[in-house]
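Participant: pasted the sequence and its predicted model underneath.
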Amino acid sequence: MKKILLLGLSFLLFISCERRLNQALKSTDKDLILKVAEEYEQRKKYSQAISLYEYATKFVVGTDEAPEVSYRTAYLNYLDKNYRLAAHQFKNFVMSYPKDSRADESAYMVAYCYYVDSPDYNLDQTNTRDALKELQLYIDTYPNSEKIPECNRMIDDLTRKLEKKAFENAKTLYKVTEYKAAIISFDNVLSDFPDTKLREDILIYSLRAKTELAVNSIHKLQNERINDAVNSYNKFCNLFPNSTYLDEAKRLNSRLENAKITYQIKEKNINEAKEQSEDKLKSAEKERNKIS
């Protein structure tokens, strides 16, 4: 019986709330609209409150209430997890009311909304790049803000995500044996993120790719690629003398040394064959001259 009573009361409350929402959305009384919007906001009914604040916008244009309505709409979209929309609205607030006391916070929220909406590294990173851009803009605009340390922390977090994505993309190229493209991609990761903590992993992957490319190259390209791979091996050993990858790096270098020996033998054979061919041509030319 109690359950039925509670269900009945809940239904009546729902009907009453819906009636009040519809009444406000059909009204031209901005005070009523804003009052009902605040009621829904306090009850954490964000989507209804947003609808009412958006509806109220046209009734508060040019009034002192306009900035408040604009700010509340943006903040409620943030609370309702509409992050990209919230970021857009916070940015509009800053542009429309640059002298408002909440302009600083709103500029920060633009970046923060993109930050919280930044996806896992393996997904599209548009929001990540937008967040980095807005965080840097905030730092440049408000260099004395107490939020600067938090902004720097978020920048580091987002940068690591982009590093990870770039590194994983390069690894994928390596795994599908696209060694030339992989090498370029690994180099780009180091160039784009010079302070990366992934340097050791990147360099061993690059050495693996260079070794495979060198060992399996056609003869005329092999010497240069072997030398390049050996240079990478030496660089890796110098930078990470205690690396857990060191034994593997030595094995890769042994493959390169063997490939170098094989290259030199083949090169010697090619040169000897070339000399023999030239000698035969010279002998033939002498015979023709004698006959003539």
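Facilitator: Noted; the coordinates are in hand.
Participant: the helix or strand bottoming out on mean pLDDT in the chain: what's the following helix or strand?
Facilitator: Of all helical and strand segments in the chain, the minimum by mean pLDDT, DSSP states H and E falls on helix 2-26, at a mean of 53. With elements assigned by DSSP states H and E, the helix or strand that comes after helix 2-26 is helix 30-42.
Participant: what comes into contact with the very next helix or strand once past that following helix?
Facilitator: Proceeding N to C from helix 30-42, the next assigned helix or strand is helix 46-60, under DSSP H and E. With contacts defined as C-beta atoms under 8 Å, 6 or more residues apart in numbering, helix 46-60 is touched by 21, 24-25, 28, 30, 33-34, 36-38, 40-41, 66, 69-70, 72-73, 76-77, 79-80. Glycine gets a C-beta too; all of them are placed from N, C-alpha and C.
Participant: low-confidence bits of this structure, can you list those?
Facilitator: The chain contains residues with pLDDT under 70 at 1-20, 22-28, 278-287, 289-292.
Participant: for this protein, longest helix please?
Facilitator: Selection of the longest helix in the chain by residue count, based on DSSP state H, yields helix 246-291.
Participant: who does that helix touch, helix- and strand-wise?
Facilitator: Applying 3 or more C-beta pairs under 8 Å, 6 or more residues apart in numbering; DSSP states H and E, one finds that helix 246-291 makes contact with helix 199-215, helix 219-239.
Participant: now the angle from that helix to helix 199-215?
Facilitator: 30 degrees (axes from the mean of the first three to the mean of the last three C-alpha atoms, to 10 degrees).
Participant: what about Ile226, how many residues nearby?
Facilitator: When counting by other C-beta atoms under 10 Å, one arrives at 23 neighbours for Ile226.
Participant: list the contacts for it?
Facilitator: The contact partners of Ile226, taken as C-beta under 8 Å, 6+ apart, are Ala214, Leu256, Ala259, Lys260, Tyr263.
Participant: list the contacts for the closest residue to the first one other than its chain neighbours?
Facilitator: What it means is Ala214. Using C-beta to C-beta, 6 or more residues apart in numbering and skipping the chain neighbours, the partner closest in space to Ala214 is Arg225 (3.8 Å). Arg225 makes contacts with Lys210, Leu213, Ala214, Ser217, as judged by C-beta under 8 Å, 6+ apart.
Participant: 10 Å - rerun?
Facilitator: 179-180, 183, 210-218, 256, 259, 263 (C-beta atoms under 10 Å, 6 or more residues apart in numbering).
Participant: and what of Arg84?
Facilitator: The neighbourhood of Arg84, defined by C-beta under 10 Å, 6+ apart, consists of Asn77, Cys113, Tyr114, Asp117, Thr126, Asn127, Asp130.
Participant: pull out the buried members of those.
Facilitator: Asn77, Cys113, Tyr114, Asp117, Asn127, Asp130 (16 or more other C-beta atoms under 10 Å).
Participant: which of those residues lies closest to Lys250?
Facilitator: When those are compared for distance to Lys250 (C-beta to C-beta), Asn127 wins out at 43.0 Å.
Participant: isn't that closest one up against Asp117?
Facilitator: Yes: using C-beta atoms under 10 Å, Asn127 is in contact with Asp117, at 4.9 Å.
Participant: residues shared between the contacts of those two?
Facilitator: Tyr83, Arg84, Ala87.
Participant: check contacts around the residue lying closest to Tyr46 once chain neighbours are set aside.
Facilitator: Residue nearest to Tyr46 in three dimensions, not counting chain neighbours: Asp80, with 3.9 Å by C-beta to C-beta, 6+ apart. Applying C-beta under 10 Å, 6+ apart, we find Asp80 in contact with Lys44, Lys45, Tyr46, Ser47, Ala49, Ile50, Ala86.
Participant: surely Arg251 is in contact with Thr211?
Facilitator: Yes: with contact defined as C-beta under 10 Å, Arg251 reaches Thr211; the gap is 9.4 Å.
Participant: so which of those two has more stuff around it?
Facilitator: Neighbours per residue (other C-beta under 10 Å) separate Arg251 from Thr211, with Thr211 holding more: 25 against 11.
Participant: roughly how far does the closest residue to the more buried one other than its chain neighbours sit from Lys274?
Facilitator: Excluding the flanking residues, the one nearest Thr211 by C-beta to C-beta, 6+ apart is Leu252, at 4.6 Å. Applying C-beta to C-beta, to the nearest Å, the value for Leu252 to Lys274 is 32 Å.
Participant: now swap in Phe167 and tell me
Facilitator: Distance, Phe167 to Lys274, by C-beta to C-beta: 45 Å.
Participant: neighbour count: these two, which is higher?
Facilitator: More crowded of Phe167 and Lys274, by other C-beta under 10 Å: Phe167, with 21 against 10.
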